[in-house]
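1. Give the three-dimensional model of this entry:
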Amino acid sequence: MSEAPPPPVPASRDIDVLRRAAAACTACDLVKTGSQTVFGEGAADAAIMLVGEQPGDSEDRAGRPFVGPAGRVLDDGLEAAGIDRRVVYITNAVKHFKWTPRGKRRIHAKPNGLEVAACRPWLDAEIMAVRPQLIVCLGATAAQALLGRDFRVTKHRGEVIRLADGTPVTATVHPSSILREPDDEARHAAMNEFAHDLRTASAQLNPVRDC
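-> Numbers count the residues shown, from 1 in each chain. This is a model prediction of the structure:
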């Protein structure tokens, strides 16, 4: 007997409705490894939507995006850019934690194309619900999920590209990449560049949001 298909993504533009529905998603095998679905959070009418790759170990346990080490880097970058985290919407391209065991630790594993594609309807639903003025992709996986597999953050960082519906999208590095820099000097330089990207993105927003 074949497995039942995953529940459809609701047509609702209510984030809470979408979050509850996503909790029951079985569209890919990551539901077997992640402790729970980690949906987006933040202002429902945010002008900026930040999209990362996937939840990490801390996020999987808490059920919230960007609350671990990379989240602290993101918070620092937002603060340096003069952006209040409470007025943005933060999510990930993939809603479950993909990991491999290393002793007692759960080590991040990069999601594959099928897993990204399985979560794309949820990301699209979040974009339709929030209707951001600008989407900022954090890292290659998020950027390629929205802009295609040929997109390279190293080549197109900071460029603004529009989705089919006209929503502008730009990309910068994932905060976790700053943590992987080899020394304090390199991390400081990478953080300055990251904050500059966020500040530049914020400067592109319209002063008054359309209703």
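
2. For Arg64, which non-adjacent residue is spatially closest?
-> Glu41 (6.1 Å; C-beta to C-beta, 6 or more residues apart in numbering). Every C-beta, even on glycine, is put in place using the N, C-alpha and C of the backbone.

3. in this structure, which spans are helices?
-> Under the criterion DSSP state H, the chain contains helices at 15-22, 57-62, 69-81, 113-130, 140-147, 153-156, 175-179, 184-203.

4. Tell me the helices and strands packed up against the fourth one.
-> Helices and strands touching helix 113-130, by 3 or more C-beta pairs under 8 Å, 6 or more residues apart in numbering; DSSP states H and E, are helix 15-22, strand 48-52, strand 89-92, helix 140-147.

5. for the last one, same thing?
-> Under the contact criterion of 3+ C-beta pairs under 8 Å, 6+ apart, the helices and strands touching helix 184-203 comprise helix 69-81, strand 134-138, strand 168-172, helix 175-179.

6. And the longest one, what's buried?
-> Translated: helix 69-81. Within helix 69-81, the residues scored as buried using 16 or more other C-beta atoms under 10 Å are 70-71, 73-74, 77-78, 81.

7. which residues touch Arg120?
-> Taking C-beta atoms under 8 Å, 6 or more residues apart in numbering, we find Arg120 in contact with 93, 145.

8. Repeat the analysis, applying 10 Å as the threshold.
-> 9, 27, 93-94, 145-146 (C-beta atoms under 10 Å, 6 or more residues apart in numbering).

9. Leu74 versus that one, what's the distance?
-> The spacing between Arg120 and Leu74, counted by C-beta to C-beta, to the nearest Å, is 22 Å.

10. what does Ala21 give?
-> Distance from Ala21 to Leu74, by C-beta to C-beta: 26 Å.

11. Can you give me the neighbour number for Thr154?
-> Neighbour count for Thr154, taken as other C-beta atoms under 10 Å: 7.
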